[in-house]
Each structure stands twice: as C-alpha cells, then as structure tokens.
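>>> sequence plus predicted model, see below.
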Amino acid sequence: MTIAPKQLANAVRALAMDAVQAANSGHPGMPMGMADVATVLFTRYLKFDPKAPKWADRDRFVLSAGHGSMLIYALLHLTGYNRPTMADLANFRQLGSPCAGHPENFELEGVEATTGPLGQGLAMAVGMAMAERHLNAQFGDDLVDHRTWVIAGDGCLMEGINHEAAGLAGHLKLGRMNVLWDDNQITIDGATSLSTSEDIAARYAAYGWHTVACDGHDPEDVARAIEEALADPRPSLIACRTIIGYGAPNKQGTSATHGAALGADEIKAARQVLEWTSEPFVLPDDVTAAWAAAGDRGAPLRAEWEARAAAHADGAEFARRMRGDLPEGFSLDKHLADLIAKPQKLATRKASEIALEAINADLPDTVGGSADLTGSNNTKTKAQKAFTSDDYAGRYVYYGIREFGMSAAMNGMALHGGVIPYGGTFLVFSDYCRPAIRLSALQQARVVYVMTHDSIGLGEDGPTHQPVEHLMSLRLMPNLDVYRPCDTIETAEAWALSLAKADGPSLLALTRQNLPQVRTDVSENLTARGAYRLRAATAERRVLLIATGSEVEIALATADLLEADGIGADVVSMPCWSRFDAQPQAYRDEVLPDLQPEQLLRVSIEAGSTMGWERYTMTRGLRFGVDGFGASGAIEALYEHFGLTAQAIAPKIQATLRELQEK
C-alpha cells in the first residue's frame, strides 16, 4: 500500500512535537510547518545514501534554520542513518545526546554544517555550492555532479549576512543551489509585519536569483516549484508558504509554537487533527517502511558513482582531496631553505605571499580570496586565476566587501571537502568575520584566515583601522590557532601548521611594516611549539622578554641594551599561545622557568591589549602594549608615542629590577 506524503510528513511532525515535549525545550513550530516540504525533498529529489553518509557526490542539505533541529533529526532517523536512534530522539537536548539543541556536524553524520546562528547556514551553503562547481570544473561530471539544498526561515533572510551571501551566489551564478524558504510570516516576537515589509522575492531577483512560490502544504505544488527551480540555470529561492506549528489546532500560525513545547493537551489535540494514533516515539510499520525505501533511493546511484570513480584516471587524486589529506611529500622545506640562504627583511604579509607562491604551486586544494583587499592582504599568487561564473576552475575568489559572507563561504567550502580555503582582510575587520570564525572553530573546519595590518604599525589610517583588543579576544576562542609571526621563517612555519590542521581553523595576524629575519635555523618548526627561546642571555639572566610579531625585534633590541648594562635577558618569541599551552609542562618550564620576579623578571611586549599577558608574566611582571585606541601617524612616531621602543622599555625594566632588589 502506498503511503500518502501527508502521512509521511506527519511522522516528522509527531517526532518533533514529542521530542520537544519530552525535553520541555526546543522549537516544534518550524519542523511541523516544513514537514511537507522536507518530505517532498527527501523522498523525491535529494541525492543521498544513509549507508554511505560521506559519499563524495551526495547532495548537500543544510538546515539554516537550525532552531528547528528536530526536522533534520527526524529525517535522518526515518531515512535510515545509524543515528539518531529513537532513543536519541527521546533524549533530545539532553547532555550526551547527539540530538543537540541545534544541529552539530561533529555529532551526527548527515548534518553537513553546524547551524543555529541565523543566516550562516545559507551562507555556508553558498560555499558548498562554490566548492561543488570548482571540483566539477577540475574533475568533471563523472566525479562531481550534485546540488546544494537549504531550508531557511524568515530570520535567515533578515540577517545582514544574507545580503552578502545571496549577492555572491547570484553574481557567481550558482545554479545548483536551491533555497527552500519557510515563508510562515512568524518570528519570535510575532508576525513578520511587526519588523519588515520588504519584498524578499524581488530582492533575490535583483541579486540574480530565480524565484518561485508554492503552497508548502501541498506536496504536488512543492514538487512543481522544485522542478521549475531545477530547470532554471540561476540559484533559486523557493518561497514555501507554510503555517508554523501546522497541525496544532490552537497554536498553529502563532509565535507560541516557535520556541516552546506545545503542552500535553495541545499535542493530544494535534494527534486528532493529524489522525496520528501512535504513542510518542512509536511509528507505524508501514510509515517506517516507506521512509526506509526513500532512504534506499540513493544506493544504486552511489554504486554507479563508485564504479566510475574506481575507473577514473583522477579517482585517486579526487579521493585524496575529499579525505582532506595533503599530497604525499608536501612540505615547505625548500622554501624555508631558500629563506635561510637569502634572508629578507619583509612585512609578514609579504612573507605570507611568498609562502603562498610555494604552497599554491604544490597544493591544488587551496582556494584563496580577499574581501576587496587583495593588494593589501597579499593573498593572490601569480598563477592564480579568478573563480568566476565563466571559470569555476579558478582558485582565487574576489569576495567584494563581504567579510562575513567570505568567512561563512569558506566554512562551507571546507565542510564540503576537497578544498582548503583561505581568505584575507584587515585584522580590525575580524569583528565582521567573528561569528563565522567561531563556527569554523566549533565545527572543526579547516579555514585559514589571513588578517593583515595587525597593529598600530599600520600607521596613518589611525585608530579606526588599528586593532588593539582583537588579538586577545581571538585567542579566547577555543580551537582557533592564532599566529602572530615575527619574520619570514615563522610565517612559513605558521602556514605549514595551518594547512596540516584538518580539525579546525587558523588565523595569521600579519604586519604591514617590514621586519628583519631573525631566525637562522629551520631544523625544527619552532612555531609548532607556540613559543621558544629565540636568544639566550649572555650575562647572568635576570630578565625574560616575551614578544610576538613585530615586537620581537623590539625585544631583541631591548635585550641588547640590558646586556650592555650587565643584565642578562632571554628573548622568547611566542607566535601562538594555544600551541604553547598545549606543550608538555617540562617544555613550558624550560622556556618560562617558574621563578619569582626577584630571580627572573618576566616582561611581555606586544602592540595590543596587555590584558591576558598576566598568565605568562605573572602579576608582578611587566607588560608593555597598547591599552587604549591607537592614533594616526607615521609608524615610528606611533611606536615612540606608545612607549614601544627599546629605549623606552629598557629603563623601566631596570627601574623595576632595582625596586625588587631593594625589597
């Protein structure tokens, strides 16, 4: 017996309202409203195989409206993924359950992206669609030929990032991307008319998208709209008019169903309306079988693809790319040797560029870009061609002034696989990128952020562009390695480490001003240690100078002045706090001996906020930095103005040493 689509959708509704009720927490309204649309997508159109959830040529589905997480959890269970089990669904939102409050890609296969912060899911899907077109241009239809699907809500389309992401997708003509908009006209506060009156379809049409509308509760009308979208070469926005909380007779169509359990009485009434007689977390056998059959649809397609991939001349290389492995033998050893042979005084942004010349020549996985600062970020190498709607094989994306959109798109590329994205802007504009950087870290996405103009050292552009608090705030983010290299060697080492880190993002904070090459030995990647003794004291050691980036040369000059006065000073370069903190205790004690200031005075020097340096200097150590906003002026004048010169620092160290002796 054929099961009606409405009955299949009601299984989703029942699981959603029962799980939220059991947790007494969650969002039943969106899953219940979009159940019909999702059923049509998963039973008729989505290319996937639950038995091979990492199949490289599967369609990518992103639930951008991540608050409605029970929609994807129910669909994964019904179509036959190993998890979530029914017990997992019953344990929704509980500690240890893979069915977290919002979908997390590291918890469940079939969840392509961690979503919940509205708008970012759709923006990541743009990156996935870009990765698909890029890999298709490189490997052909036999290996790469899939689509990207999104379910998004009103909030996703209101967020500012939606303008950036949708504009980029339209410009790049990403016609294999389709967004199913849950057009239910409700937000948490109430009707959308309270806060917006824009014509969203017209806005998307202006971006260069195809738009179509349908009745989100009529499966055949949903299918009609999807067919129209598939036939159009542009990305498509499918406006699905739905009723939030569909089936809950007293609450549907209101914000009451958005973010709270329906309550036992309303669920009982909904069961009567939906003609759903099964107990909570129990499914009729015929419904279970019909959903399982839908999950089995992709198995023959996957088997055919595997046969093609096995016979394909580029099959092994494609498999390597999708696994995320670096090519066998890939390294920057030759580049490092060349730097040692011919030391250069360069801005670390330029050092990054020459490192990228070596990287991009040997690593086809990389796709670079910049948010309209290519010449300043030094992110484009000579051989890179632009990624455009006419040439998706290009490996450089001109993102325009879309820092947030760029960062989210890079997350999508990394999550899709086969691509290692990097992108640049000024460090001060990491504020625009920050929500996406946080998701990079949370969902373990290999993205490299190239952030230049990293301090007051950028000079005349002044305090609006001079980062002060940014380094410290970024260091607070779990699973983000923040590198501030001091020369060409550390910059290359930071790049090598960033590329090798497959389970999270890295950020390179790079200078505008030229810096001397202070490293003379590359027998070990010392940046991997996070911090290391760059130069040991020659006189009796009394001071330990810790610096990063452009202030390492200041620390060396300070040490020279102290040594000339008979005060021994170690100089420690600390390019990456998180890596140093991960070192064995014995190594950390060797670099930063556990001695009182009377024995060894610790001093930090960094052209940024001093807050946080106490963890390394201890409270009685000295910290030199910038604890207010910067100023407009020449670099040299600014460093002198803020007391970040050896001539200003050394006397203060000497005075502190005298005070300690007197005590």
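Great, that's in hand.
>>> how many residues are close by Gln185?
16 (other Cβ atoms under 10 Å). (Each C-beta comes from the backbone N, C-alpha and C, glycine too.)
>>> if we ignore the residues flanking it in sequence, what's nearest it?
Spatially, and ignoring its direct neighbours in sequence, Gln185 is nearest to Thr192 (4.9 Å; Cβ to Cβ, 6 or more residues apart in numbering).
>>> I'd like the distance between the one you found and Ser604.
Taking Cβ to Cβ, to the nearest Å as the measure, Thr192 falls 51 Å from Ser604.
>>> out of these two, which sits in the busier spot?
Higher neighbour count among Thr192 and Ser604: Ser604, with 25 against 19, using other Cβ under 10 Å.
>>> mind listing what the closest residue to Ser193 other than its chain neighbours touches?
Excluding its sequence neighbours, the residue lying closest to Ser193 (Cβ to Cβ, 6+ apart) is Gln185, at 7.4 Å. By Cβ atoms under 8 Å, 6 or more residues apart in numbering, the contact set of Gln185 is Asp154, Ala191, Thr192, Ser193.
>>> which element is the residue nearest the centre of the chain on?
Per Cα atoms, centre = their mean, the C-alpha nearest to the average position across the chain is that of Ser440, at 2.4 Å. Assigned by DSSP states H and E, Ser440 falls within helix 430-442.
>>> give me the distance between Gly175 and Tyr392.
For Gly175 relative to Tyr392 (Cβ to Cβ), the value is 11 Å.
>>> picking that back up, and the residue nearest to Gln185, what does it touch?
Counting by Cβ under 8 Å, 6+ apart, the residues that Thr192 touches are Asp154, Gln185, Ile186.
>>> tell me who's in contact with the closest residue to Ala65 other than its chain neighbours.
Leaving aside its chain neighbours, Ala65 sits nearest to Gly153 (3.7 Å; criterion: Cβ to Cβ, 6+ apart). By Cβ under 8 Å, 6+ apart, the contact list for Gly153 reads Met30, Ser64, Ala65, His67, Gly68, Leu118, Trp181, Asp182, Asn184.
>>> hey, what's Gly153 bridged with?
Asp182 (DSSP bridges).
>>> confidence score at it?
The score at Gly153 is 98. That number is its pLDDT.
>>> how close does it sit to Asp189?
Gly153 is 14 Å from Asp189, by Cβ to Cβ.
>>> could you point out where this structure is predicted with low confidence?
Residue ranges of the chain with pLDDT under 70: 1.
>>> now do 80
1, 663 (pLDDT under 80).
>>> so where do the helices sit in the stretch 551-663 of the chain?
Listed in chain order, the helices of the stretch 551-663 of the chain (DSSP state H, counting those that start in this stretch) span 552-564, 577-581, 585-591, 614-617, 635-641, 646-662.
>>> about what we covered before: which one of the contacts of Gln185 is nearest Asn250?
Nearest to Asn250 among these: Ala191, at 17.5 Å, using Cβ to Cβ.
>>> the closest one and His258, how far apart?
When Ala191 is compared with His258 (using Cβ to Cβ), they lie 12 Å apart.
>>> which of the two has more neighbours?
His258 (23 against 13).
>>> could you give the backbone dihedrals for that one?
phi -70, psi -60 (degrees, to the nearest 10).
>>> pretty sure it contacts Met32?
No. The pair His258 / Met32 is not scored as a contact, 10.7 Å apart, by Cβ atoms under 8 Å.
>>> Glu524: neighbour count?
What Glu524 shows, counting by other Cβ under 10 Å, is a neighbour count of 10.
>>> confirm that it sits in a strand.
No. Under DSSP: H, G, I helix; E, B strand; the rest coil, Glu524 sits outside any strand and is assigned coil.
>>> and the gap between it and Gln466?
The value you get for Glu524 to Gln466, if Cβ to Cβ is used, is 34 Å.
>>> I'd like the distance between His641 and Asp265.
The gap separating His641 from Asp265 is 69 Å, by Cβ to Cβ.
>>> for Leu660, same thing?
Taking Cβ to Cβ, one finds Leu660 at 73 Å from Asp265.
>>> the two: which is more packed in?
Each of Leu660 and Asp265 has its neighbours counted (other Cβ under 10 Å); Leu660 has more, 15 against 9.
>>> ok, now how distant is that one from Ala559?
In terms of Cβ to Cβ, Leu660 sits 18 Å off from Ala559.
>>> quick one on the thing from earlier: find the nearest non-adjacent residue to the residue nearest to the centre of the chain, please.
Pro505 (3.8 Å).
>>> what do you get for Ile649?
Ile649 sits nearest to Thr558 (Cβ to Cβ, 6+ apart), 5.0 Å away.
>>> how near is that neighbour to Glu614?
Applying Cβ to Cβ to Thr558 and Glu614 gives a distance of 20 Å.
>>> the two: which has the busier surroundings?
More neighbours surround Thr558 than the other of Thr558 and Glu614, with 27 against 14 (other Cβ under 10 Å).
>>> the more buried one reaches Lys652, doesn't it?
No. Taking contacts as Cβ under 8 Å, Thr558 lies outside contact range of Lys652: 9.9 Å.
>>> Arg529: what's it in contact with?
Applying Cβ under 8 Å, 6+ apart to Arg529 gives the contacts Arg579, Phe580, Gln583, Tyr587, Val591.
>>> mind checking how far the last one is from Met574?
Read that as Val591. 9 Å.
>>> what touches both of the two?
With contacts defined as Cβ under 8 Å, 6+ apart, the residues shared by Val591 and Met574 are Ala531, Phe580.
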